[in-house]
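Novice: Make a model of this:
(one chain, ligands or ions: 2)
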Amino acid sequence: MVSYDESCSKRQRLLVVANRLPVSAKRTGENSWSLEMSPGGLVSGLLGVAAEFETKWVGWPGVDVYDVVGKNALSKSLADMKCIPVFLEEVFDQYYNGYCNGILWPILHHMGLPQEDHNDTNKTYQTQYDAYKKANRKFLDVIIENYEEGDIVWIHDYHLLFLPQYLKEYNNKIKIGWFLHSPFPSSEVFKTLPSRSELLRSVLTADLLGFHTYDFASHFVRTCTRILGVEGTHEGIVDHGKVTRVAVFPIGIDPNRFIKACELPEVRQQMTELKKRFAGKRVILGVDRLDMIKGIPQKFLGFEKFLEENMDWRDKVVLVQIAVPTRNNVPEYQKLKSQVHGLAGRINGRFGSVSSLPIHHLDCSVDFNFLCALYAIADVMLVTSLRDGMNLVSYEFIACQEAKKGVLVLSEFAGAAQSLGAGAILVNPWDVTEVSSAIKEALNMPAEERDERHRLNFQYVKTHSAKKWGDDFISELHDTFTESDMKIKKIPVGLPQQDVIQRYSKSNNRLLILGFFGTLTEPMNNQNEELDLKLNPELKGTLKALCNDPKTTVVVLSRSGKNILDKIFGEYNIWLAAENGMFLRDTTGEWVTNIPENMNLDWVDGTKNVFKYFTDRTPRSFFEASETSLVWNYENADVEFGRAQARDLLQYLWAGPISNASVDVVRGNHSVEVHAVGETKGVAVGRIWEEIVRKKSMTTPVDYVFCSGYFLEKDEDIYTFFKPEVKKNLLSNVLDLKKGNYFSVAIGQAHTKARHVVDSSHDVVDLLHKLAVADTTTSDSFSESEDYQTRNANADWKPWINYVKIRELAVGDTEPVDI
Ligand SMILES: O=P(O)(O)OC[C@H]1O[C@H](O[C@H]2O[C@H](CO)[C@@H](O)[C@H](O)[C@H]2O)[C@H](O)[C@@H](O)[C@@H]1O
Ligand SMILES: O=c1ccn([C@@H]2O[C@H](COP(=O)(O)OP(=O)(O)O)[C@@H](O)[C@H]2O)c(=O)[nH]1
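Specialist: Residues are numbered from 1 along each chain as shown. Ligands and ions are numbered 1, 2, ... in the order given. Okay, the predicted model is just below:
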């Protein structure tokens, strides 16, 4: 077991949390226990990591214990091994045998969701899922008891998918890594799992997610994008600006442990005995937990075919299969046992004799030294997993084969195929003929080829150790955490609502610049509504009051066209800027063109054709066209298909209508926009400002500016135009924001040039209402329309009205937060 050096107490503390502790307990008396190593690759892999850190293990001790005396005695024995038990008691069966191994395990290994047994109402998907959640909470409780500030919590595997979320809810600052030891299936398979979204969302709250192979990681990312609609990038998953890092960390073993074991006299003795036992025969070895994913029946069928087709090998070869008992209480595993026994019996019956049996099948685990001896004397290692996260048995075999240089026949569906594929013979375990041929090739392989293949794999196993795996993961977790910490520091602060209101009421000439879509529009549920944009009904009275206030100028700056804005805002004393400011309408209702004179719009018709072509071929996408810009939107289409279509659409555009045009192409999250160069709200706002000053013959300086919207990144300069410290402002003689009466407020953007962010347009609507009532001079016109108060009096609307999120000030932020 791992040795711990007392003098290294300053090492990073690491809480390794896995369903299984590295040791399993057996009761030997009322308060005495014996501990033995737990089987499985997860434990083997992690043993190579633990010594690096001040590690404590949290996990299930392998037995159910209900009495206090027993629990205390076991906890004490485990404490000496730096292990902390989680007693799962009554939830264990439905959690472990049920949800983990009966439902999640087959799904993760592409075996599909098992049929629910409708006759057993005590054990349904739901009861197992509930037990799963309870078990995750039990793990949480134990972690909370043992957590110290600064600890890294490294969660392992599919047993604990809710733990990241529970832990972050408890303390958002805990550094959490999660690693999946099994494969992750294609999204089509994972989709069938009830509660798939909750499980994925929980995992995404961790800081770093690790997978054995690129395939598993990309399946996971794709599943998240398809099921949750989040974005997958090279970094991982991005959801509302929050990045969850996803990366590949292939696990390894501690190679020296195996290399050294093979030199031990005891092991050498066992090797001699084994060689004597199998004298005159070549040994093919299989070492697997007796699990459906390991493909033991397929292995036997392949071997049977080999014996059928190669008569001369029949009495010269033996298959030794160690089938380690596992998950005995899961019905599928019980069935598998009989199936394997049946096959071994049949093959031995067909090809065995009184003096020799072709298959030596053992339903047991073996001790470490004996395992190494078996690995060392084997001529061929046969791994036929139907799916396998990694398969460390392959690595262990190679580590023990320095002398013999035997051949590894490896399933292409094991994670190890990606790391050891160069030196192994890869097979499709479903293809018995291929397995049979691979056995033949391995047995007949010339020595030089065996040497070369072994050299390649041995080099890999030596350098890609479990220690490296752990170091890489933890170091990436540190980096990820530091990066996201820095990003948080850059996030603008929440809106100091009281300050915004007070300054508004004390100022004399105010300018409010507002976006339309996503700012003043009513909340939408579907695409059809987007085609028919409406003003948020809450705003009618509020907007009227603000627009009628002689001390306030309200401008709506939108991508929408003149007609839409006219229809919606026609009745207000408001300034309207359509098509991103290309057209401007003052409070009298007269539109003037604001398009720069030499603007070339030859590209518009061709671009429209391309947009139409892709709209026709992308269900639920649509496009909007105005005189100077076009937007193709696929937010309601299938996300993946939409993105793929967007890539194609861009190629059509570059190759055709915009190849020589002066246009900007803006790729939004779910849209592609083409507009004339320089046509952004940031540029337009300068022209609008000049026009307002001119038309109003303004002499009193504007002493308050509030600018807010749900703007695209390319329009974000709108937030900096009025910044007092930006000197480029035109007509600065009629602008006096020295007292800091400038508020730029982005809606729902984590990264923005605005000083403040709010979560949703509700926050802006709420604030506008408060501005409208803040100034007593406006109260008459406001009271004429009482839709805001009426709605607000309705309890259903209360949760968001008056709610302005106070964002936590991150270290280094100096902005005042005054609520
Ligand atoms: O704890 P059990 O239910 O008895 O199962 C044993 C372990 O099986 C799985 O192991 C996986 O981890 C290995 C190391 O990463 C990998 O090589 C192998 O392909 C996987 O099957 C399971 O993921 C573990 O949680 C279990 O402890
Ligand atoms: O009797 C045995 C035989 C094997 N193993 C170990 O079980 C692990 C199996 O790991 P692998 O990654 O191959 O598959 P898993 O069982 O984790 O799915 C290896 O480290 C083996 O050394 C074991 O504990 N007892």
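Novice: can you pull out the helices in the stretch 251-400 of the chain?
Specialist: Defined through DSSP state H, counting those that start in this stretch, the helices belonging to the stretch 251-400 of the chain, from first to last, are 255-261, 265-277, 296-309, 331-351, 368-377, 392-399.
Novice: May I see the buried residues of the one helix or strand P164 maps to?
Specialist: If you go by DSSP states H and E, P164 is part of helix 163-170. Using 16 or more other C-beta atoms under 10 Å as the test for burial, helix 163-170 gives L163, P164, Q165, Y166, L167, K168. C-beta: built from backbone N, CA, C; applies to glycine.
Novice: elements contacting it?
Specialist: In this structure, helix 163-170 packs against helix 125-146, strand 152-156, strand 175-179, helix 196-203, with contacts taken as 3 or more C-beta pairs under 8 Å, 6 or more residues apart in numbering; DSSP states H and E.
Novice: Reformat the helices of the stretch 251-400 of the chain as CSV; add mean neighbour count.
Specialist: As requested, these are arranged in CSV below (neighbours: other C-beta atoms under 10 Å):
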stretch, mean neighbour count
helix 255-261, 18
helix 265-277, 14
helix 296-309, 22
helix 331-351, 15
helix 368-377, 22
helix 392-399, 28
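Novice: for F184, helix, strand, or coil?
Specialist: The assignment at F184 comes out as coil when based on DSSP: H, G, I helix; E, B strand; the rest coil.
Novice: ok, now which ones touch it?
Specialist: Shown here is F184, whose contacts under the criterion C-beta atoms under 8 Å, 6 or more residues apart in numbering are L108, F190, F211, F216, A217, H219, F220, T223.
Novice: Mind doing that once more with 10 Å?
Specialist: Neighbouring residues of F184 by C-beta atoms under 10 Å, 6 or more residues apart in numbering: 107-110, 158, 190, 209, 211-213, 215-223, 389.
Novice: now check stretch 325-338, is it near ligand 1?
Specialist: Yes. Remark: stretch 325-338 sits within contact range of ligand 1 at T326, R327, by C-beta under 6 Å from any ligand atom.
Novice: residues making contact with that stretch?
Specialist: With C-beta under 10 Å, 6+ apart as the contact definition, stretch 325-338 has outside contacts at 39-40, 92-93, 96-98, 100-102, 105-106, 111, 114, 117, 288-292, 294, 296-297, 323, 363-365.
Novice: and the gap between the residue of the chain most remote from its centre and ligand 2?
Specialist: Taking C-alpha atoms, centre = their mean as the measure, the residue most remote from the mean C-alpha position of the chain is V354, 57.4 Å away. Applying C-beta to the nearest ligand atom, to the nearest Å, one obtains 29 Å for the distance of V354 from ligand 2.
Novice: So which bits of the stretch 351-500 of the chain are right by ligand 1?
Specialist: Taking C-beta under 6 Å from any ligand atom, the part of the stretch 351-500 of the chain that reaches ligand 1 is made up of D388, G389, M390, N391, L392.
Novice: Any chance of TSV for those residues, columns pLDDT and distance to V142?
Specialist: As requested, these are exported to TSV (pLDDT from 0 to 100; distance: C-beta to C-beta, whole Å):
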residue	pLDDT	distance to V142
D388	98	30
G389	98	25
M390	97	27
N391	97	30
L392	97	27
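Novice: Tell me how far stretch 471-482 lies from the chain's centre.
Specialist: A distance of 16 Å separates the C-alpha centroid of stretch 471-482 from that of its chain, computed with C-alpha atoms, centre = their mean, to the nearest Å.
Novice: next one: stretch 14-26
Specialist: Here stretch 14-26 shows a centroid-to-chain-centroid distance of 25 Å under the convention C-alpha atoms, centre = their mean.
Novice: got the buried residues for that stretch?
Specialist: L14, L15, V16, V17, A18, N19, R20, L21, P22, V23, S24, A25.
Novice: For those, which two are the farthest from each other?
Specialist: Greatest spacing in those, by C-beta to C-beta: L14 and A25 (22.4 Å).
Novice: ok, the residue nearest to L374 when sequence neighbours are not counted - contacts?
Specialist: In space, and not counting its chain neighbours, L374 is closest to L285: 5.9 Å by C-beta to C-beta, 6 or more residues apart in numbering. For L285, the contact set (C-beta under 10 Å, 6+ apart) comprises 318-322, 360, 371, 374-375, 377-383, 393, 397, 406.
Novice: mind checking how far L285 is from R510?
Specialist: Applying C-beta to C-beta, to the nearest Å, the value for L285 to R510 is 82 Å.
Novice: Wait, a strand at R226?
Specialist: No. Following the definition three-state DSSP, R226 is helix and is not counted among the residues of a strand.
Novice: helix, strand or coil for whichever residue of the stretch 51-200 of the chain sits closest to ligand 1?
Specialist: Ligand 1 sits closest to H181 of the stretch 51-200 of the chain, with a gap of 3.4 Å, by C-beta to the nearest ligand atom. H181 falls in the coil class when you classify it by three-state DSSP.
Novice: Begin at 446 from now on, thanks
Specialist: In the new numbering, first residue 446, that becomes H626.
Novice: Low-confidence ranges, the stretch 696-845 of the chain, go.
Specialist: Screening the stretch 696-845 of the chain residue by residue with the criterion pLDDT under 70, one finds no matching range.
Novice: Flag every residue of it that's near ligand 2.
Specialist: Taking C-beta under 6 Å from any ligand atom as the measure of proximity, the stretch 696-845 of the chain contacts ligand 2 at V732, R734, I767, V769, S810, V811, L816, M835, N836, L837, V838, E841.
Novice: go again using 8 Å as the cut-off
Specialist: Of all the residues in the stretch 696-845 of the chain, those in contact range of ligand 2 (C-beta under 8 Å from any ligand atom) are 696, 698, 732-734, 736, 738-739, 767, 769, 771, 809-813, 816, 833-839, 841.
Novice: Mind giving me the PyMOL command for buried ones among the residues you listed?
Specialist: Those of these that meet the burial criterion (16+ other C-beta under 10 Å) are gathered into one PyMOL selection, given here:
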select buried, resi 696+698+732+733+734+736+738+739+767+769+771+810+816+833+834+835+836+837+838+839+841
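Novice: list the contacts for the nearest residue to K1126 once chain neighbours are set aside?
Specialist: When the adjacent residues along the chain are set aside, K1126 lies closest to D1160, with 3.9 Å between them (C-beta to C-beta, 6+ apart). The contact partners of D1160, taken as C-beta under 10 Å, 6+ apart, are 960, 1002, 1004, 1025-1026, 1111, 1124-1130, 1154, 1198.
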